[in-house]
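Student: Fold the stuff below for me.
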Amino acid sequence: MTSEIMNDILAQVATNTESSKNVGNAILYETVISIMDIKSESGLRVLGINILGRFLLNTDKNIRYVALTTLLKTVQADYNAVQRHRTTIVECLKDPDISIRKKSMELCFALMNENNIKTMTKELIYFLEKADPDFKSICSSNLCISAEKYAPDSRWHIDTVIRILNTAGNYVRDDVVSLLIELISSCDSLHRYSVCQLWLQLKDGDLSSKQPLLQVAMWTLGEFADLLIQASGSEELNETDVDESQIIEKCKEILSMVPINLVTKEYTLNALIKLSVRFPNQIAKVKQIVDFFGCSHSIELQQRSVEFATLFTRHDKLRPSVLERMPQIPKNERKIFYNNNNNEKMDDNLEKSNELIAATGVDSAVPNDSSALLDLLDLSPTSLINTNSALPLTDTNVITTSSTNDVLDLLGSLENSENTNNITPEIMQ
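Tutor: Numbers count the residues shown, from 1 in each chain. Sure, this is the predicted structure:
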């Protein structure tokens, strides 16, 4: 009975209060807050959200900001009611006030679903073009997340992320680059389409201002440049021709550009070495460019170039197999270690390892860097005991020490002096 009386009072206040003055707006705002806080009827809650929708049309920017903030808090509870005001909310993206634009952007992402993803993405990309630099990284990342969640098909998804990278430029976060590479890799039927679209992007504008897009393009060229040649003159390339030498020259041009950062040059150098397999007729030209960067002032580029150069000399027979196309990247591969099944397997392996140590009497109570390294290389005492179970424990220690010293000498100063001191008297005996 009390709640019904409260609902009636709030409904009367909400419908009879004038909103032409700030006093009336303040009363309406408090009424809406009360409606949202109590267990009111759904119709009354819709009335409250409609009042907030009218606030968005108010000329006072403070009232608009309060309305957006309140809608953002209530969107999960009354999603459909807030969705009716989507057009007004999108218009707030063009507001001169930066705080209103930010709240409007957050509310737009909260309203995205599979039904409005295309319309909302179009509006947010338009907003991204004129957004402040502080907004571009957040907006581009959220757009990619929403596209991945609600994309109607893979082709639209790829086109959208390419547009986002092209619009946001260098403000894109690194995770967006890896997501697009992962997406292209997983869509076998769209490899040719993807490499064609990215090649067209390389012909327009200042490449140094959109390096994340350039990184994706270089990775895609390294993997599927042969498909790009097959598409020469087709509609996918807007009926333009492309040949092997043009692709090599484009990579050389990017490597020689001063504004290009080190990561992008690394992507380009990796693509270039892969092109030596995709285009056998261009091996000499690729080798010449790689040899040139063997004297680069960048240690990273110099090291990569020298290592790649050895593939042309000492390991030329292995080069085609080493540089073949990468296997399809599994989706969400980065989350593999958080899988419950994998955790159970790791726990089982750990239990078996503990049982083996208890049976052999090998003490592993205080693990160190050396023992962890030897476990990784399968040179731990327990692994040697498994393969040489007939050997006495003292002989096993001698063998283990010899193997340990060899590995640790090879890998540097990881040898544990305490273990060495403990084992040395035993060896001397």
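Student: Tell me how far the residue nearest the centre of the chain lies from residue 261.
Tutor: What sits nearest the mean C-alpha location of the chain, by CA atoms, centre = their mean, is residue 175, with 2.3 Å. Here the distance between residue 175 and residue 261 works out to 17 Å (CB to CB, to the nearest Å). For glycine as for every other residue, the C-beta is placed from the backbone atoms N, C-alpha and C.
Student: pLDDT-wise, which helix or strand of the protein ranks last?
Tutor: For the chain, counting by mean pLDDT, DSSP states H and E, helix 417-428 ranks last in confidence among helices and strands (a mean of 42).
Student: and stretch 50-65, C-alpha only, in PDB?
Tutor: Extracted as PDB, the C-alpha positions of stretch 50-65 are listed here (Å, rounded to 0.1, in the frame of the first residue of the first chain):
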ATOM      1  CA  ASN A  50      11.700  10.000 -20.700                       C
ATOM      2  CA  ILE A  51      12.300  13.000 -18.400                       C
ATOM      3  CA  LEU A  52      16.000  12.500 -18.700                       C
ATOM      4  CA  GLY A  53      15.600  12.200 -22.500                       C
ATOM      5  CA  ARG A  54      14.000  15.700 -22.400                       C
ATOM      6  CA  PHE A  55      16.900  17.000 -20.300                       C
ATOM      7  CA  LEU A  56      19.200  16.000 -23.200                       C
ATOM      8  CA  LEU A  57      17.400  18.700 -25.400                       C
ATOM      9  CA  ASN A  58      17.900  21.400 -22.800                       C
ATOM     10  CA  THR A  59      20.200  24.300 -23.700                       C
ATOM     11  CA  ASP A  60      21.900  24.200 -20.300                       C
ATOM     12  CA  LYS A  61      25.000  22.000 -20.600                       C
ATOM     13  CA  ASN A  62      25.000  21.100 -16.900                       C
ATOM     14  CA  ILE A  63      21.500  19.600 -17.200                       C
ATOM     15  CA  ARG A  64      22.600  17.600 -20.300                       C
ATOM     16  CA  TYR A  65      25.600  16.300 -18.400                       C
END
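Student: what residue ranges in the stretch 201-350 of the chain score low on pLDDT?
Tutor: Counting by pLDDT under 70, the stretch 201-350 of the chain contains low-confidence ranges at 331-350.
Student: Which parts of it are helices?
Tutor: Along the stretch 201-350 of the chain, the stretches classed as helices by DSSP state H, counting those that start in this stretch are 211-230, 244-256, 262-278, 283-292, 299-313, 319-322, 340-360.
Student: Format these as TSV; extra columns: mean neighbour count and distance to residue 14.
Tutor: Rendered in TSV, the data for these read as follows (neighbours: other CB atoms under 10 Å; distance: least, CB to CB, whole Å):
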stretch	mean neighbour count	distance to residue 14
helix 211-230	23	48
helix 244-256	17	61
helix 262-278	22	56
helix 283-292	16	72
helix 299-313	15	64
helix 319-322	12	71
helix 340-360	11	49
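Student: Which of the helices or strands spans the closest residue to residue 216 other than its chain neighbours?
Tutor: If you skip the residues right next to it in sequence, residue 216 has residue 180 as its closest partner in space, 5.1 Å away by CB to CB, 6 or more residues apart in numbering. Under the criterion of DSSP states H and E, residue 180 resides in helix 174-186.
Student: by how many degrees do that helix and helix 262-278 diverge?
Tutor: Interaxial angle of helix 174-186 relative to helix 262-278 (axes from the mean of the first three to the mean of the last three CA atoms, to 10 degrees): 20 degrees.
Student: out of the helices of the stretch 201-350 of the chain, nearest to residue 204?
Tutor: Closest to residue 204 of the helices of the stretch 201-350 of the chain, according to CB to CB: helix 211-230, at 10.6 Å.
Student: Now that closest one - C-alpha only, PDB.
Tutor: As requested, C-alpha coordinates have been extracted for helix 211-230 and formatted as PDB (Å, rounded to 0.1, in the frame of the first residue of the first chain):
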ATOM      1  CA  GLN A 211      51.600   3.100 -38.300                       C
ATOM      2  CA  PRO A 212      49.300   0.500 -36.600                       C
ATOM      3  CA  LEU A 213      47.500   0.000 -39.900                       C
ATOM      4  CA  LEU A 214      50.900  -0.200 -41.600                       C
ATOM      5  CA  GLN A 215      52.000  -2.900 -39.200                       C
ATOM      6  CA  VAL A 216      48.900  -5.000 -40.000                       C
ATOM      7  CA  ALA A 217      49.500  -4.400 -43.800                       C
ATOM      8  CA  MET A 218      53.100  -5.500 -43.600                       C
ATOM      9  CA  TRP A 219      52.200  -8.700 -41.700                       C
ATOM     10  CA  THR A 220      49.500  -9.500 -44.300                       C
ATOM     11  CA  LEU A 221      51.800  -8.800 -47.200                       C
ATOM     12  CA  GLY A 222      54.400 -11.100 -45.800                       C
ATOM     13  CA  GLU A 223      51.900 -13.900 -45.500                       C
ATOM     14  CA  PHE A 224      49.600 -13.400 -48.600                       C
ATOM     15  CA  ALA A 225      51.500 -11.300 -51.100                       C
ATOM     16  CA  ASP A 226      51.200 -14.000 -53.700                       C
ATOM     17  CA  LEU A 227      47.400 -13.700 -53.500                       C
ATOM     18  CA  LEU A 228      47.700 -10.000 -54.100                       C
ATOM     19  CA  ILE A 229      49.500 -10.600 -57.400                       C
ATOM     20  CA  GLN A 230      46.700 -13.000 -58.400                       C
END
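Student: That's all I had, so thanks and see you.
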